[in-house]
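S.K.: sequence plus the predicted model coming up.
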Amino acid sequence: MRLLILIFAFFLGQSCSHVFYQPSALHYVDPAKFNLKYEDVYFSAKDGTKLHGWFFPTRSEKVRGTVVQFHGNAQNISTHFFSLVWLIDHGYNLFTFDYRGYAKSEGRSSQAGIYLDALAALDRAFAFHQGSGGGKFVVYGQSTGGAISLRALPDWKEFSRVDLIVMDSAFSSYQKIAFDKLHSRWFLWPFSPLAYLLVSDGYSADEVFERVTQPLLVITGNRDQIVPPKFGRAIYKGVASPRKWHWKLKSGSHIDAYFIDDGSQRQRFLSFLEGI
């Protein structure tokens, strides 16, 4: 009974947000220390919440496009930008931002609020894209950022202009990932059905699978214990896009595709972008 009470308190006391959003107010790394040129960007969601991001212009003479990063649930952009900033040496701009409640972004994290943040970030990134030479427009969702971006994209007015959606170590349903986490621990599995009662799927990307028609790349790591590969497989099988690919990385874990296999996945991704 005590354990049951604790589980209820965990979900209800945090309004389920703590499970999926674990922001930090501290900026851990200044990109300037790595000789990276970037612009502080402030913009607002539709409800007026002020958000913060970074825009990294490409260091190449030829602009090949812009990548928009939707990062995972913990910390903030100061730790997540590392995973994709290498792209600026290969012709791509990088726009990354923090959801409400993270670092310099105002407000408190919630599914409904972050949905608005996603739409605002796409607008801001696309403005940078158009003003910096165009090329391909790529939306890159990582872990929880995959669920956030995939749900918002079909509602974005410029969705047809997206050249590629990337779901890296991602899931699409908050209820299903919560159920999986409870069910995977022997002392919690009896309470796993509570995930469907206490966790909201009001902004689940599952609801828009049939509307996702742009090219899609799903990346899963066979060793990923945070978001098991089955969640990526569900995205790949579920979306309606006629052009979709699934990279199954044998040595991959969680959001580490470009740091394994001696960096060979970086060239693979660049070649893939050229072929889109």
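M.R.: Noted; the coordinates are in hand.
S.K.: ok, Gly252 - contacts?
M.R.: Ile219, Thr220, Gly221, Asn222, Arg223, Asp224, Ile260 (CB atoms under 8 Å, 6 or more residues apart in numbering). For the C-beta atoms, the positions are set from N, CA and C on the backbone; glycine is no exception.
S.K.: show me where the stretch 51-200 of the chain has its strands.
M.R.: Using DSSP state E, counting those that start in this stretch, the strands of the stretch 51-200 of the chain run over residues 65-70, 74-75, 92-98, 136-142, 164-168.
S.K.: contacts only, for the most centrally placed residue in the chain.
M.R.: The residue lying closest to the centre of the chain (CA atoms, centre = their mean) is Gly145, at 2.0 Å. Each residue near Gly145 by CB under 8 Å, 6+ apart is listed here: Gln69, Phe70, His71, Gly72, Asn73, Ala170.
S.K.: can you pick the most crowded of these?
M.R.: Phe70 (31 neighbours; other CB atoms under 10 Å).
S.K.: ok so, going back, how about the residue nearest to the centre of the chain, nearest residue that isn't a chain neighbour?
M.R.: Excluding its sequence neighbours, the residue lying closest to Gly145 (CB to CB, 6 or more residues apart in numbering) is Phe70, at 3.3 Å.
S.K.: contacting residues around the one you found?
M.R.: Ala118, Ala121, Val139, Tyr140, Gly141, Gln142, Gly145, Gly146, Ile148, Ser149.
S.K.: right, and out of the contacts of Gly145, which lies closest to His27?
M.R.: His71 (13.5 Å; CB to CB).
S.K.: surely that closest one meets Gln142?
M.R.: Yes - using CB atoms under 8 Å, His71 is in contact with Gln142, at 5.7 Å.
S.K.: quick check: neighbours shared by the two?
M.R.: Joint contacts of His71 and Gln142 (CB under 8 Å, 6+ apart) are His80.
S.K.: picking up where we left off before, in JSON lines, list the strands of the stretch 51-200 of the chain along with mean pLDDT.
M.R.: Output for these, formatted as JSON lines (pLDDT from 0 to 100):
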{"stretch": "strand 65-70", "mean pLDDT": "98"}
{"stretch": "strand 74-75", "mean pLDDT": "95"}
{"stretch": "strand 92-98", "mean pLDDT": "98"}
{"stretch": "strand 136-142", "mean pLDDT": "99"}
{"stretch": "strand 164-168", "mean pLDDT": "99"}
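S.K.: low-confidence ranges, the protein, go.
M.R.: Across the chain, the ranges flagged by pLDDT under 70 are 1-18, 186-187, 189.
S.K.: pretty sure Val41 sits against Ala125.
M.R.: No - counting by CB under 8 Å, Val41 sits too far from Ala125 to count as a contact (9.2 Å).
S.K.: who has more neighbours, those two?
M.R.: Ala125 (26 against 17).
S.K.: residues in contact with the helix or strand harbouring Ser271?
M.R.: Element membership of Ser271 [criterion: DSSP states H and E] is helix 264-275. With CB under 8 Å, 6+ apart as the test, helix 264-275 has contacts from 64-65, 86, 90, 92, 136, 138, 164, 217, 245, 247, 249, 257-258.
S.K.: which helix in the chain has the most residues?
M.R.: helix 111-131 (DSSP state H).
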